[in-house]
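**Q** Give me the fold of what follows.
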Amino acid sequence: MIPNRYVGMSRLHLLIQIGVSTVLYWTLFVILNFVVYRGGMASPEHYALGSAILVFSLLVEYHTRSQPEKMLSGLSRRALKGVCHRQLVFAMATMFGFIVMSKDQTLSRLFLTCFFVAEFLWISWSNIYGFRLTHRLLYRSNDRGRGRAVLVGSGSDINQYLTNSHAPSFPGLDLFGYVTIGSEAPGGVAALPDLGSFQNIRHICEDSKAKALLLLGLQNRKDLVNPVVKLADDFGMRAMWIDDINSRFGSRFFPYHTGKFSIVSHINEPLEDPVNRLVKRVFDLAGSIFGLIFVLPPAMLFVWIIQSRKSPGPLFYTQLRTGRNGEQFKCFKFRSMYVNRNDEGVQTAKNDSRIFPGGDFIRKSSIDELPQLINVFLGDMSIVGPRPHAEFTDLEHAGKTQSYRLRSLAKPGITGLAQCKGFRGDTSEEHQIRNRVRMDLFYIQHWSLGFDITIIVKTVLQLIKPPKSAY
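**A** Reported below is the predicted structural model:
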């Protein structure tokens with residue numbers, strides 16, 4: 001019953017989004033056509049296909065989401081923003097992909113710009129606020145379809161549930177009171193009336209005219225399953241078991257459902273979604289191609305001039321680094337050290353004598369990292385991700401820092417969350433590498449395209465004013 005309501009709510013929300021987006025599309029067409037272009041825009045028939053493509057993109061994006069992202073309910077604000085970014089990227093990629101493939105020149109670029117700005121604002125509002133507003137309107141407290149629900153569980157489970165700000169809401173149900181199993185009381189903090197003990201559950205349900213039983217933490221009380229089901233059948237009630245994953249496993253764990261099974265994982269990985277991975281790869285390819293054409297050539301000339309005056313030799317320096325899933329790849333960098341003075345296996349330190357004059361500026365400004373655009377283009381790296389280390393450095397850090405190897409779940413990046421937060425440079429102290437790992441794992445578990453763009457913007461700002469930790 002409740003799962004079906006959640007599914008129906010998400011579908012209704014999608015239909016509302018499609019409907020408003022379509023109205024927004026044609027409203028902008030009318031306004032721009034008569035106000036800006038004085039009736040000179042292409043005929044509505046040319047824009048009708050664009051409207052159909054928009055609807056198609058929203059449908060495809062919805063059906064490729066994970067189940068929790070479809071439901072929206074219970075997602076954090078950051079996760080909801082990730083869904084918003086994903087929807088916008090799908091719509092833009094589909095629309096502009098069609099324009100490029102069909103070589104259509106009829107759609108106004110001003111119209112598309114105005115529409116996608118307005119569309120993003122609408123999608124963001126509807127996901128963050130509109131979904132909950134629709135929920136309240138459909139299941140108002142004075143609706144006839146609402147019914148009373150009785151919370152059933154031990155005193156500690158009831159107390160934990162009622163004081164949990166993330167406890168789920170149940171469309172169409174109002175919590176009427178609680179029934180305790182055993183002698184343990186909820187501790188006096190419960191905001192609901194105590195209806196009695198489980199031994200009197202039949203009389204309680206009959207007197208309260210309850211329509212649902214919400215059962216908490218009864219994993220070890222299988223003996224109660226059949227009696228509760230029989231009671232629900234007798235009174236025409238719904239019985240629902242609530243499993244609080246956090247209380248059983250901890251806040252780090254994430255549940256997934258497939259068929260009749262529930263899977264609990266200790267780490268959330270948005271980039272294991274093939275669609276998300278495709279979006280990130282397209283973004284990486286676009287960024288690397290732009291960088292290889294417009295950024296890398298002038299940087300090569302600048303570095304070559306410094307090298308030719310201070311330390312003639314190869315322009316690039318390559319080293320084996322550890323990538324995704326521990327695979328080795330050849331990482332490209334501009335050489336910033338004297339030739340034959342790299343000393344493989346010795347980590348660079350501040351004021352390192354191996355760095356030639358001018359090389360310190362190349363390193364501090366992160367210009368030496370720009371050749372890794374080649375690695376991004378080849379698919380060994382991403383623009384954003386955990387920074388790759390040499391194998392000997394990985395072995396050293398893995399022996400000192402818990403969860404260090406989890407960084408290899410994602411492709412390494414030219415820049416990352418740790419770097420834009422100032423955790424770069426020296427890693428001689430354990431707390432320094434621990435902070436990097438903490439930031440990298442946060443990025444892996446909260447990835448979104450908008451998150452990548454934010455990190456890139458912060459990195460560019462640091463190129464203008466490098467942090468003290470850079471050397």
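**Q** could you point out which element follows the helix ranked longest in the chain?
**A** For the chain, the longest helix by residue count, based on DSSP state H, is helix 2-31. Heading C-terminal from helix 2-31, the first helix or strand you meet, by DSSP states H and E, is helix 44-63.
**Q** What residues sit buried inside that following helix?
**A** 47, 50, 53-54, 57-58, 61-62 (16 or more other Cβ atoms under 10 Å). (Glycine included, C-beta is placed from N, CA and C.)
**Q** sorry, back to before: show me what the longest helix of the chain is packed against.
**A** helix 44-63, helix 67-71, helix 109-125, helix 131-138 (3 or more Cβ pairs under 8 Å, 6 or more residues apart in numbering; DSSP states H and E).
**Q** and the angle for that helix with helix 44-63?
**A** For helix 2-31 against helix 44-63, the angle by axes from the mean of the first three to the mean of the last three Cα atoms, to 10 degrees is 160 degrees.
**Q** I'd like the distance from helix 2-31 to the chain centre, please.
**A** 22 Å (Cα atoms, centre = their mean, to the nearest Å).
**Q** Low-confidence bits of the stretch 351-471 of the chain, can you list those?
**A** 351, 425-428, 467-471 (pLDDT under 70).
**Q** Okay, strands next: where are they in it?
**A** 382-384, 413-415 (DSSP state E, counting those that start in this stretch).
**Q** okay, these in CSV with mean neighbour count and distance to Arg78 next?
**A** Formatted as CSV, the strands of the stretch 351-471 of the chain follow (neighbours: other Cβ atoms under 10 Å; distance: least, Cβ to Cβ, whole Å):
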stretch, mean neighbour count, distance to Arg78
strand 382-384, 27, 16
strand 413-415, 26, 19
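**Q** Name the nearest residue to Ile263, sequence neighbours excluded.
**A** Tyr256 (4.5 Å; Cβ to Cβ, 6 or more residues apart in numbering).
**Q** burial of that neighbour, as a residue count?
**A** By other Cβ atoms under 10 Å, 13 other residues sit near Tyr256.
**Q** cool, and Leu12?
**A** Quick note: Leu12 (other Cβ under 10 Å) scores 14 neighbours.
**Q** I figured it was touching Leu137, is that so?
**A** No - using Cβ atoms under 8 Å as the test, Leu12 is too far from Leu137 to be in contact (10.7 Å).
**Q** helix/strand/coil for Thr318?
**A** Per DSSP: H, G, I helix; E, B strand; the rest coil, the secondary structure class of Thr318 is strand.
**Q** coming back round to it: what about the helices and strands packed on helix 2-31, which gets the closest to Val460?
**A** Relative to Val460, the nearest member of those by Cβ to Cβ is helix 109-125, separated by 21.8 Å.
**Q** buried set for that closest one?
**A** 111-112, 114-116, 119-120, 122-124.
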